[in-house]
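# need the 3D shape of this:
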Amino acid sequence: MTERKKITLSRPAGADSNTPSQTPEFGGRKPPVRGSGTAPRKRMTAAEAEQARAEAAARAQGQWQDRGPGADRPRGDDRRRDPRDARDTRGPGRPPARSNERTAERPQDRAPERWGEPRYDHDPRDAHPPARQDQRRLGTTSSRRDSGSYQDPHQRPHTPAHAAPRQEAAESDGRLRLSKLMSERGLASRREADEWIDAGWVRVDGEVAELGTRVLPTVHIDIDPQAREQQTQRVTILLHKPIGYVSGQAEDGYEPAVVLVQPQNRWAEDKLPIQFNRAHHRHLAPAGRLDIDSTGLLVLTQDGRVAKALIGEDSGVEKEYLVRVQLMAQPEAENVMAVTPPEAIEALRFGLELDGKPLKHAQVSWQNEQQLRVVLREGRKRQIRRMCELVGLKVVGLKRVRMGSVVLGKLPAGQWRYLRPDERF
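All right, here's what the predicted structure looks like:
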């Protein structure tokens, strides 16, 4: 009888059947069977295997639920599935199908978020969050939200808790900036007040104030005489602006009216003992505008108190105008007063609104057959021209003759004079 030899396959030294590297559960794989004709299976990572088992067990028990916008899903599938969804035909116990196609979350699957609740890239209840999560979520809405480059329009901006009490305390104690309080008391403009405080010329309750100081409205304020002297050196100029000059900065090729303030254009009847110099041009600004097609009294000043009195928010200084008009329905009529309906004049006095805001009461009367006399206590852009258009009148000439108690008088067009010490707006 032929002797049969027994062949034994030995393991390499150090190999163990329980070695994790050779166990499929820990990422290892068995060698393919020769002649089987099948390719090796694509292996799962340990994290994916753990996730798949957890989801299969949850579906089998009917406890599958959405874990919120930060919960993880199997790689390649951004859609959370419900076992009750008729489209999911894979049956319980099997992991979700892997797909490279991104699908949007269903509104009914999205868990509600609470204000102030922290966001997670993975479920905090998961002991093993999936690996390479950041790479898989790159470019998605969730990652942009977490990185700060995405802003949810339905989410309120976060405000630090310490900011609100500080702001409320600053508003509730009634303190104001010192420069604002000085402006409200008429001591100086806010810019002047800041300059005086910076120079050390302002004392609050006997102590030298600092720039940016906030004080109570009841404090006592002392001004150094040097500040008063500097203030008296600031000039205010009255100019009869002709047509073709703009009130402020040069625009559309037109020169500003301030270029007319030259020694040769000073009115010969101005008898004030003030010698014109270049310093009088510094910080000289218009206090109240006139259109390029309008003429009359234009005030240019270096004194912030004058500017505040004329164009401040609470200014009530009267401005008087002579307005030459035509009736749009009868432009050839010489006696405009006779053909203009009385209702139009009443509407000019009160009842109109511009830019959605009602106008204040105005004094409107006929100066002659073609000219209206209009007195306003406000100054909207092109106000008189727009008011007249609303009632069917066209302005063909406009001249300002008074601001407060200061009148244009006999000052010729294109000439100027200094404001006298006895004149007040």
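# in stretch 355-371, what's buried?
In terms of neighbour count (16 or more other C-beta atoms under 10 Å), stretch 355-371 has its buried residues at L359, A362, V364, Q370, Q371. Quick note: C-beta positions are derived from backbone N, CA and C, even for glycine.
# same check, this time on stretch 190-199
By 16+ other C-beta under 10 Å, the buried positions in stretch 190-199 come out as R190, E192, A193, D194, E195, W196, I197.
# now do the SS call for S365.
Counting by DSSP: H, G, I helix; E, B strand; the rest coil, the backbone at S365 sits in strand.
# end to end, how far does stretch 238-254 reach?
Taking C-alpha to C-alpha, to the nearest Å, stretch 238-254 runs 20 Å from one end to the other.
# buried set for the strand or helix carrying S179?
Secondary structure assignment for S179, by DSSP states H and E: helix 178-184. Judged by neighbour count using 16+ other C-beta under 10 Å, the buried positions of helix 178-184 are L178, S179, L181, M182, S183.
# need the residues you listed in CSV (columns: distance to V202).
As requested, those are exported to CSV (distance: C-beta to C-beta, whole Å):
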residue, distance to V202
L178, 7
S179, 9
L181, 11
M182, 7
S183, 12
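# between those residues, which sits nearest K308?
Closest approach to K308 among the buried residues of helix 178-184 (C-beta to C-beta): S183, at 6.6 Å.
# one step back: next secondary structure after the helix holding S179?
Sequence-wise, the next helix or strand downstream of helix 178-184 (DSSP H and E) is helix 190-199.
# surely L290 and R400 touch.
Yes - the pair L290 / R400 is scored as a contact, 6.3 Å apart, by C-beta atoms under 8 Å.
# joint contacts of the two?
By C-beta atoms under 8 Å, 6 or more residues apart in numbering, L290 and R400 have these common neighbours: G296, L298.
# and V258, helix, strand or coil?
V258 - assigned by three-state DSSP - is helix.
# residues near it, how many?
Residues near V258, counting by other C-beta atoms under 10 Å, number 22.
# repeat that for the one 10 residues further on.
Here the number of neighbours of A268 (other C-beta under 10 Å) works out to 8.
# quick check, pLDDT for the spatially closest residue to Q371 that is not a sequence neighbour.
Closest residue in space to Q371, ignoring its immediate chain neighbours: R324 at 5.1 Å, by C-beta to C-beta, 6 or more residues apart in numbering. Note for R324: predicted pLDDT of 97.
# let the chain start at 337 from now.
Renumbered: residue one is now 337, and that last one reads R660.
# hmm, who's touching stretch 663-671?
Q662, V672, V675, T676, E705, Q706, G728, L729, K730.
# show me the contacts for the fifth one.
With contacts defined as C-beta under 8 Å, 6+ apart, the neighbours of E705 are E670, N671, V672, M673, A674.
# mind checking the longest helix of the protein?
When the chain is parsed with DSSP state H, its longest helix is helix 382-396.
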